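>>> Sequence first, predicted model second:
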Amino acid sequence: MQELIAKANVLLEALPWIKRFSGATIVIKYGGNAMVEEHLKESFAQDIILMKFIGLNPVVVHGGGPQIGKLLAALGKESHFVQGMRVTDRETMDVVEMVLGGQVNKEIVNNINRHGGKAVGLTGKDGRLIIARKMEMTQINPDTLTPEIIDIGHVGEVESVNPSIIEALEKSNFIPVIAPIGVGLSGETYNINADLVAGRIAGALRAEKLILLTDVEGVKDRDGRLISTIDIDRVPDLINNGTITGGMIPKLNCCVDAVEEGVHKAHIIDGRMEHACLLEIFTDQGVGTAVARFAK
Ligand SMILES: Nc1ncnc2c1ncn2[C@@H]1O[C@H](COP(=O)(O)OP(=O)(O)O)[C@@H](O)[C@H]1O
Ligand SMILES: CC(=O)N[C@@H](CCC(=O)OP(=O)(O)O)C(=O)O
């Protein structure tokens with residue numbers, strides 16, 4: 001009996017959040033471990049479907065860096081990164097497009113559909129969803145100690161997002177699953193970091209939430225303790241004082257950009273935990289780190 005009441009209480013705890021987020025768009029960046037381990041793939045697909053059935057509009061943007069690296073290695077090509085971006089020559093671009101737009105995208109679509117959802121896969125080329133331009137990258141020359149522009153190939157940054165295709169899919173109750181490939185104004189193909197795409201898509205859709213799944217509990221302080229909330233004004237300090245480093249820097253910057261574009265809250269949460277998305281959205285305490293403009 002007590003067990004049954006506890007189950008009812010779980011549903012009741014979710015009720016205010018279900019009401020609050022009914023009709024809201026939630027953009028989820030799906031990557032890391034959650035995309036590799038079989039049981040986590042299942043729990044992710046179930047979370048997305050549950051969100052859809054109770055009236056939210058989930059939009060999935062996925063990564064696939066490790067999967068790209070694996071195929072490149074099988075083809076005898078090494079992966080090189082500059083400031084977290086994959087150096088992308090013509091041949092690498094072909095592999096990136098095949099892996100992200102083909103293999104990874106279709107696997108996620110298939111997983112969601114197998115569990116009873118209606119997912120549709122897109123790249124930024126479909127409906128000209130993501131217009132991109134070549135990313136300008138500068139690096140300090142170790143000999144002259146001056147900044148110089150370096151060429152990292154077909155790596156893009158988002159110029160603009162045309163969300164009409166997503167809105168059309170949402171109206172027909174489809175769940176969009178987006179691969180981070182952009183198209184230039186003359187039809188060139190660009191490889192874009194998936195966090196950057198998720199942030200800009202969330203901004204363009206004025207999403208209620210942007211959720212970035214990663215391989216740590218959230219953002220940690222210098223003593224390794226989880227920071228549960230970060231005001232966007234604090235982010236530059238956390239970067240400058242070395243609290244946030246490596247792959248967490250672009251993640252937090254993209255949360256800041258999304259919030260500045262009108263996203264209510266961005267969350268960095270642990271993709272290694274089953275049902276992390278549901279726990280973030282439908283429980284009072286949430287999980288991971290929330291990034292927003294908090295009232296002072
Ligand atoms: N302050 C911090 N808190 C948590 N993680 C941090 C922090 N600073 C740097 N990191 C690193 O950022 C990593 C997450 O970024 P990244 O590896 O690019 O993730 P993903 O592959 O999920 O996109 C963490 O695994 C951690 O090593
Ligand atoms: C330019 C650039 O680096 N693009 C990424 C795109 C995939 C990605 O972002 O995947 P994760 O989220 O799994 O890292 C890449 O080629 O790996």
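Done, it's in. Numbering: from 1, shown residues only. Ligands and ions are numbered 1, 2, ... in the order given.

>>> Neighbours of the residue in the stretch 151-296 of the chain positioned nearest to ligand 1, how many?
The minimum distance from the stretch 151-296 of the chain to ligand 1, using Cβ to the nearest ligand atom, falls at Gly247 (2.0 Å). For every residue, glycine as well, the C-beta is placed using N, CA and C. The local packing of Gly247 (other Cβ atoms under 10 Å) involves 16 other residues.

>>> Verify the contact between it and Phe81 for me.
No: using Cβ atoms under 8 Å, Gly247 is not in contact with Phe81, being 9.9 Å away.

>>> Can you get me a residue count around the residue in the stretch 51-200 of the chain positioned nearest to ligand 2?
As assessed by Cβ to the nearest ligand atom, ligand 2 sits closest to Gly63 within the stretch 51-200 of the chain, at 2.2 Å. Burial of Gly63 is recorded as 24 neighbouring residues (other Cβ under 10 Å).

>>> Skipping its backbone neighbours, what lies nearest it in space?
Of all residues not flanking Gly63 in the chain, Gly31 sits nearest, at 3.3 Å (Cβ to Cβ, 6 or more residues apart in numbering).

>>> Retrieve the pLDDT associated with Asn33.
With respect to pLDDT, Asn33 has a value of 68.

>>> How about Thr243?
Per-residue pLDDT puts Thr243 at 96.

>>> SS state for it?
Following DSSP: H, G, I helix; E, B strand; the rest coil, Thr243 is assigned to coil.

>>> So what's the residue count around the closest residue to it other than its chain neighbours?
Leaving aside its chain neighbours, Thr243 sits nearest to Arg222 (5.5 Å; criterion: Cβ to Cβ, 6+ apart). By other Cβ under 10 Å, 9 other residues sit near Arg222.

>>> ok, which stretches of the stretch 101-250 of the chain are strands?
Using DSSP state E, counting those that start in this stretch, the strands found in the stretch 101-250 of the chain span residues 119-123, 130-134, 137-140, 147-150, 156-161, 175-179, 181-183, 189-191, 209-214, 229-231.

>>> and Lys52, which of those strands is closest to it?
Closest to Lys52 of those, according to Cβ to Cβ: strand 175-179, at 5.8 Å.

>>> element containing the most centrally placed residue in the chain, please.
Residue closest to the average C-alpha location in the chain (Cα atoms, centre = their mean): Lys29, at 2.0 Å. Under the criterion of DSSP states H and E, Lys29 resides in strand 25-30.

>>> before we move on, back to that, is it true that the residue nearest to Gly63 touches Val60?
No: in this structure Gly31 lies outside contact range of Val60 using Cβ under 8 Å: 10.5 Å.

>>> low-confidence ranges in the stretch 51-200 of the chain?
Counting by pLDDT under 70, the stretch 51-200 of the chain shows no low-confidence range.

>>> which bits of it sit near ligand 2?
Applying Cβ under 6 Å from any ligand atom, we find that the stretch 51-200 of the chain lies next to ligand 2 at 63-65, 68, 85-86, 96, 155, 180, 191-194.

>>> nearest to Leu75, of the residues you listed?
Closest approach to Leu75 among these (Cβ to Cβ): Ile68, at 10.8 Å.

>>> Quick check: closest non-adjacent residue to that closest one.
Spatial nearest neighbour of Ile68, chain neighbours left out: Val99 (4.8 Å); criterion: Cβ to Cβ, 6+ apart.

>>> what about the one you found, how many neighbours?
Neighbour count of Val99, defined by other Cβ under 10 Å: 21.

>>> is it true that it lies in a strand?
No: under three-state DSSP, Val99 falls outside any strand and is assigned helix.

>>> Who are the contact partners of it?
Residues counted as contacts of Val99 (Cβ atoms under 8 Å, 6 or more residues apart in numbering) are Gly64, Gln67, Ile68, Leu71.

>>> for Ile269, helix, strand, or coil?
Following three-state DSSP, the label given to Ile269 is strand.

>>> just checking, it touches Leu212?
Yes: Ile269 lies in contact with Leu212 (Cβ under 8 Å); the separation is 7.2 Å.

>>> Those two: which is more packed in?
For Ile269 versus Leu212, neighbours defined as other Cβ under 10 Å are more numerous around Leu212 (32 against 24).
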